[in-house]
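Chemist: no FASTA, just this:
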């Protein structure tokens, strides 16, 4: 296993190790099946084994690694079926947040969400998967934060991470034209405070773009 970046921040070892490993997994630096030995990872980070074990436990809760006690951990696989499930969860949580939050959102909050749909449209136009995934997650997270639910925000981050890995690792082509059309619909619904329309557009977006339909 080789990880870029050198030693972790020693003032917050567990968080730093978690953040470094999570970024490497989501970004594809660590591919599915990559072995993460506690000793080897600690050596690469220049720290003790305890913070690495904490980080691996946190990543296991997110489904990003599989932990085998007294042995090793490895990066979890990501496939079509698991991605479909992640998309279903993301759809439920994201649209639920929009239904509750959008009708009572202030002008500045609506403007901020509208700006995020513009950023998503720019990422789609670039045809760059990582930028697209980042913009999608930021929009979904902002909606869940507006709903004032840390638990839902955490779920959105976890499911977006799974979908992002699938996009980066699979050989399927994203339907960029469908993504552009549906992003425009999401933006228009947000600007008009049409929660039902936004939810329909989000559901269509995730069905058409985010995962292969079974």
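Modeler: That came through fine. Bear in mind that the values here come from a model prediction, so they are computed numbers and not experimental data.

Chemist: Any regions of this structure where pLDDT drops low?
Modeler: 1-11, 70, 171-173, 210-214 (pLDDT under 70).

Chemist: let's go with 80 and repeat that
Modeler: Regions of the chain meeting the criterion pLDDT under 80 cover residues 1-14, 69-72, 147-149, 170-173, 208-214.

Chemist: Over to residue 67. Which of the three states is it?
Modeler: With DSSP: H, G, I helix; E, B strand; the rest coil as the basis, residue 67 sits in strand.

Chemist: What's opposite it in the beta bridge?
Modeler: Judged by DSSP bridges, the bridge partners of residue 67 are residue 73.

Chemist: What ranges does the chain have for its helices?
Modeler: Under the criterion DSSP state H, the chain contains helices at 13-26, 38-45, 49-61, 80-101, 107-126, 129-146, 150-169, 176-191, 195-205.

Chemist: can you give me the angle the fifth one makes with helix 80-101?
Modeler: An angle of 150 degrees separates the directions of helix 107-126 and helix 80-101 when computed by axes from the mean of the first three to the mean of the last three Cα atoms, to 10 degrees.

Chemist: Including mean neighbour count and distance to residue 74, could the helices of the chain go into JSON lines?
Modeler: Just so you know, the C-beta spots here come from the backbone N, C-alpha and C atoms, and that holds for glycine as well. Converted to JSON lines, the helices of the chain look like this (neighbours: other Cβ atoms under 10 Å; distance: least, Cβ to Cβ, whole Å):
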{"stretch": "helix 13-26", "mean neighbour count": "20", "distance to residue 74": "11"}
{"stretch": "helix 38-45", "mean neighbour count": "18", "distance to residue 74": "12"}
{"stretch": "helix 49-61", "mean neighbour count": "19", "distance to residue 74": "10"}
{"stretch": "helix 80-101", "mean neighbour count": "19", "distance to residue 74": "15"}
{"stretch": "helix 107-126", "mean neighbour count": "16", "distance to residue 74": "31"}
{"stretch": "helix 129-146", "mean neighbour count": "20", "distance to residue 74": "23"}
{"stretch": "helix 150-169", "mean neighbour count": "19", "distance to residue 74": "14"}
{"stretch": "helix 176-191", "mean neighbour count": "19", "distance to residue 74": "32"}
{"stretch": "helix 195-205", "mean neighbour count": "19", "distance to residue 74": "32"}
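
Chemist: so which of the ones you listed gets nearest residue 72?
Modeler: Closest approach to residue 72 among the helices of the chain is made by helix 38-45 (7.7 Å; Cβ to Cβ).

Chemist: so who does residue 140 touch?
Modeler: Listed by Cβ atoms under 8 Å, 6 or more residues apart in numbering, the contact partners of residue 140 are 90, 94, 156, 160.
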